[in-house]
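1. all I have is the shape, not the residue letters:
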């Protein structure tokens, strides 16, 4: 019997559910996969859209994993200051075969010191913040640097997970899973990246983020200070 391949999704209040449910649908199809949702408190956790997930494990009960996946979301700001969460990422990521993230999850990996000196992807509106955490931001949808694979915003999590699956189980296996999921995106508008969206659309999207800009900058500044102490 082959060994179990343990995948841990490290969650926190205010996480964006698609950031981890997209990769979950891919990773659960890995050979011998066992996927665990975990957070600091465990129990029930609420995402940033109000959806709740029950039966979440406690990160402190997990000794190690083969693959660590850290999603993003508006709860990233609070998670950056949750040192028990950051410490759990540092502990699990140090021994994992693969360390992955989606969206602003790369900021959390960076705060844990797992991306220092590496290239990483992030949501386009937060990407420049990686430099404050000693990480080189990259605009690619999926970025690999060693055993660290990071994805861009939200929907890029599926792309990231398929890329990781190809590394683990082979390209043919990953393509078979992609076909089984019928993952063949055909968005109605070609505006999913700021480089191709009209300027007024980019400006409208930025307005949503302006209200948390000061809080975001302060949270990342504190995270950078704490990272340098570890």
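-> Looks like it came in fine. Just so you know, these numbers come straight off a predicted model, no measurement behind them. Residues are numbered from 1 along each chain as shown.
2. do a quick rundown of the strands in this protein.
-> When secondary structure is read from DSSP state E, the chain shows strands at 5-10, 33-39, 43-46, 52-58, 67-70, 98-102, 119-120, 136-137, 142-145, 148-151.
3. pairing partners for the second one, with directions?
-> Strand pairing for strand 33-39, using DSSP bridges, gives strand 5-10 (parallel), strand 52-58 (parallel).
4. what's the mean pLDDT across stretch 3-23?
-> Across stretch 3-23, the average pLDDT comes to 97.
5. pull the residues that contact the longest helix anywhere in the chain.
-> Secondary structure of the chain read by DSSP state H shows that its longest helix is helix 213-229. By CB atoms under 8 Å, 6 or more residues apart in numbering, the list of residues contacting helix 213-229 from outside reads 76-78, 80-81, 83, 86, 107, 110-113, 116, 126, 129, 132-134, 209. Just so you know, the C-beta spots here come from the backbone N, C-alpha and C atoms, and that holds for glycine as well.
6. in that helix, what counts as buried?
-> Neighbour-count burial for helix 213-229, with 16 or more other CB atoms under 10 Å as criterion, is recorded at 216, 219, 220, 223, 224, 226, 227.
7. pLDDT added to the residues you listed, as TSV?
-> Formatted as TSV, these follow (pLDDT from 0 to 100):
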residue	pLDDT
216	90
219	94
220	94
223	94
224	93
226	91
227	89
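8. of all those residues, which comes closest to residue 145?
-> Nearest to residue 145 among the buried residues of helix 213-229 is residue 227, at 17.4 Å by CB to CB.
9. now that closest one: how far from residue 38?
-> As judged by CB to CB, to the nearest Å, residue 227 and residue 38 stand 22 Å apart.
10. list the contacts of the nearest residue to residue 168 once chain neighbours are set aside.
-> Nearest residue to residue 168, sequence neighbours excluded (CB to CB, 6 or more residues apart in numbering): residue 30, at 6.2 Å. By CB under 8 Å, 6+ apart, the contact set of residue 30 is 5, 7, 165, 168, 169.
11. a markdown table for the strands of the chain, including distance to residue 18 and mean neighbour count?
-> Putting the strands of the chain into a markdown table (distance: least, CB to CB, whole Å; neighbours: other CB atoms under 10 Å) gives the following:
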| stretch | distance to residue 18 | mean neighbour count |
| --- | --- | --- |
| strand 5-10 | 12 | 24 |
| strand 33-39 | 14 | 19 |
| strand 43-46 | 15 | 15 |
| strand 52-58 | 13 | 13 |
| strand 67-70 | 13 | 29 |
| strand 98-102 | 9 | 29 |
| strand 119-120 | 20 | 22 |
| strand 136-137 | 22 | 16 |
| strand 142-145 | 16 | 20 |
| strand 148-151 | 12 | 27 |
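12. remind me which residues of the chain are low pLDDT?
-> 1-2 (pLDDT under 70).
13. all helices for it, in order.
-> For the chain, the helices defined by DSSP H occupy 17-27, 76-80, 83-95, 105-111, 156-169, 171-180, 199-210, 213-229.
14. can I get these in a markdown table with distance to residue 149?
-> Below are the helices of the chain laid out as a markdown table (distance: least, CB to CB, whole Å):
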| stretch | distance to residue 149 |
| --- | --- |
| helix 17-27 | 10 |
| helix 76-80 | 19 |
| helix 83-95 | 12 |
| helix 105-111 | 10 |
| helix 156-169 | 5 |
| helix 171-180 | 13 |
| helix 199-210 | 25 |
| helix 213-229 | 21 |
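15. for the ones you listed, which one ends up most surrounded?
-> helix 105-111 (a mean of 30; mean count of other CB atoms under 10 Å).
16. residue 109 is in contact with residue 116, correct?
-> No - in this structure residue 116 lies outside contact range of residue 109 using CB atoms under 8 Å: 9.9 Å.
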